[in-house]
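>>> what's the 3D shape of this:
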Amino acid sequence: MFIPKTQRIRDLANIYSKSVSQMEKLLAGNVNVYIDYANIRPWSEKLGWHIDPKRLIQFLQSFTNVKSVKFYSGVLAGDVASQDFAKEITSLGYILKTKPVKIMNISIDASSIDLQSTALLKQFIRPSLLRTYDLATIELLNKRFVDLNNTGIFAIQDRKCNFDVEIGIDMLLDYERNGIDTYVLWSGDSDFVDPIAQLMSNGKNACLFATSRRVATEINALKANGLFIFDIQKIRDFICWKKEITSGII
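Residues are numbered from 1 along each chain as shown. Down below sits the predicted model:
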């Protein structure tokens, strides 16, 4: 059942009644939601708008059969903004699952690299794409490494914090222990194919909330088995930043 948490959500529901009705049908029985924040955060570049965690949980909790909303996000050690964000997520009512963000130093030192070598490039470019490059392209890209080296940059930092394993385990544990009927995953990562397929083969409902062209091919293939992919553009005004709302209801 849908009972708006705020007057704003009530007003928006009158405008977007079809989207709300569709979600009511999708969210059958006891529902758990799993939000892979590192995966959905970059969607803003494609969408042109941002997801507001406060508005998102207010909207999700307006569906009375949503039992929990689990939020997976890394924390960068020593970074105040990152730590404050984690505290905010917990205060909003999410079940926060977190771990430290790993910082990896990747060498781009081209001093001993032949300009026709792919030794450095293969760290950043998939082999299938790299094989299509001619020597002139490889040389050009290697020269960009040399340019950076000439400015004193010989390494770059990359951050990694993957929650695929944790989310998959939580979904299966909720199946075994908590009587969940519908599993709502906010992600588009192909690593979730196996747990989703397992849940559906056990007679459970699975929904993927994502945006177009941000869903892995392997996930899309599960639509033939009953997976429903819900385009979050349909609920934009419920969950986006105030300044990005299109309806005028804030």
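
>>> got the contact list for the strand or helix carrying I106?
Using DSSP states H and E, I106 maps to strand 102-107. Outside strand 102-107, the residues within contact range by Cβ atoms under 8 Å, 6 or more residues apart in numbering are 76, 120, 123, 154-161. For glycine as for every other residue, the C-beta is placed from the backbone atoms N, C-alpha and C.

>>> recalculate using a threshold of 10 Å.
Residues from elsewhere that reach strand 102-107, judged by Cβ atoms under 10 Å, 6 or more residues apart in numbering: 74, 76-77, 119-120, 123-124, 145, 154-162.

>>> same check on stretch 192-203?
By Cβ under 10 Å, 6+ apart, stretch 192-203 touches 34, 36, 39, 164-165, 167-172, 174-176, 180-183, 185, 204-208, 216-219, 221-222, 225-227.

>>> count the neighbours of V101 for me.
Per other Cβ atoms under 10 Å, the neighbour tally for V101 reads 16.

>>> direction included, what does the strand holding I106 pair up with?
strand 155-160 (antiparallel) (DSSP bridges).

>>> who are the packing partners of the longest helix along the chain?
Counting residues, the longest helix found in the chain (DSSP state H) is helix 135-150. Helices and strands touching helix 135-150, by 3 or more Cβ pairs under 10 Å, 6 or more residues apart in numbering; DSSP states H and E, are helix 127-130.

>>> if you count contacts, what does the helix it packs on end up packed against?
helix 135-150.

>>> buried set for the helix it packs on?
138, 141-142, 145, 148 (16 or more other Cβ atoms under 10 Å).

>>> and if you look at stretch 230-250?
230, 232, 235-240, 244-245.

>>> quick revisit: next, the angle strand 102-107 makes with the longest helix of the chain.
Interaxial angle, helix 135-150 versus strand 102-107 (axes from the mean of the first three to the mean of the last three Cα atoms, to 10 degrees): 110 degrees.

>>> which parts of the chain belong to which domain?
7-101+161-244, 103-160 (automatic domain parsing).

>>> ok, back up a step: in TSV: the buried residues of stretch 230-250, plus distance to I9.
Output for the buried residues of stretch 230-250, formatted as TSV (distance: Cβ to Cβ, whole Å):
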residue	distance to I9
F230	17
I232	16
I235	10
R236	13
D237	10
F238	7
I239	10
C240	13
E244	16
I245	12
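
>>> show me where this structure has helices.
All helices of the chain, identified by DSSP H, fall at 7-15, 17-26, 37-40, 43-47, 53-60, 80-92, 127-130, 135-150, 164-177, 193-201, 217-220, 236-239.
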